[in-house]
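*Asks:* Have a look at this fold, sequence not included:
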């Protein structure tokens with residue numbers, strides 16, 4: 001790796017880290033949309049993970065892990081004094097049904113869909129390359145034989 005531009009390396013490393021974090025947050029946003037957690041939180045005042053889980057009818061441990069991820073992503077706010085979580089109205093306006101066609105949590109559903117199709121897509125890329133290689137080889141053989 002010889003002579004690397006250390007600043008460029010650091011910028012690219014930061015960009016990749018942001019991209020990976022965004023992808024993970026997109027998956028967790030998708031979970032919040034599918035489980036109704038954003039809808040529940042939009043109706044609640046700041047609450048503990050136990051109360052949010054109970055209101056959503058979900059397992060508290062999983063809800064707490066989800067909430068902590070949302071806090072890390074600055075989607076949900078956390079108050080250590082009361083151990084409470086809160087979805088600001090401005091965030092709820094873009095993450096709940098009230099957003100209508102501007103609901104970004106619904107758009108986050110595309111990330112897990114793409115992840116599910118990753119293997120099939122990779123296989124298609126490889127198969128297409130192999131097929132193209134066979135055609136190129138055959139075409140080169142014909143032009144060599146005919147020329």
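*Replies:* Nice, I can see it. The structure displayed is predicted, hence computed values, not measured ones.

*Asks:* What are the boundaries of the strands in the chain?
*Replies:* Using DSSP state E, the strands of the chain run over 77-79, 84-86.

*Asks:* Quick one: closest of those to residue 40.
*Replies:* strand 84-86 (11.0 Å; Cβ to Cβ). C-betas here are computed from N, CA, C, even on glycine.

*Asks:* Out of the strands of the chain, indicate the one that is most buried.
*Replies:* Highest mean neighbour count among those (mean count of other Cβ atoms under 10 Å): strand 84-86, with a mean of 20.

*Asks:* Show me what it is packed against.
*Replies:* Packing partners of strand 84-86 (3 or more Cβ pairs under 8 Å, 6 or more residues apart in numbering; DSSP states H and E): helix 60-72, strand 77-79.

*Asks:* Throw the strands of the chain into a markdown table and include distance to residue 9 and mean pLDDT, thanks.
*Replies:* Listed next are the strands of the chain as a markdown table, based on distance: least, Cβ to Cβ, whole Å; pLDDT from 0 to 100:
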| stretch | distance to residue 9 | mean pLDDT |
| --- | --- | --- |
| strand 77-79 | 34 | 98 |
| strand 84-86 | 37 | 98 |
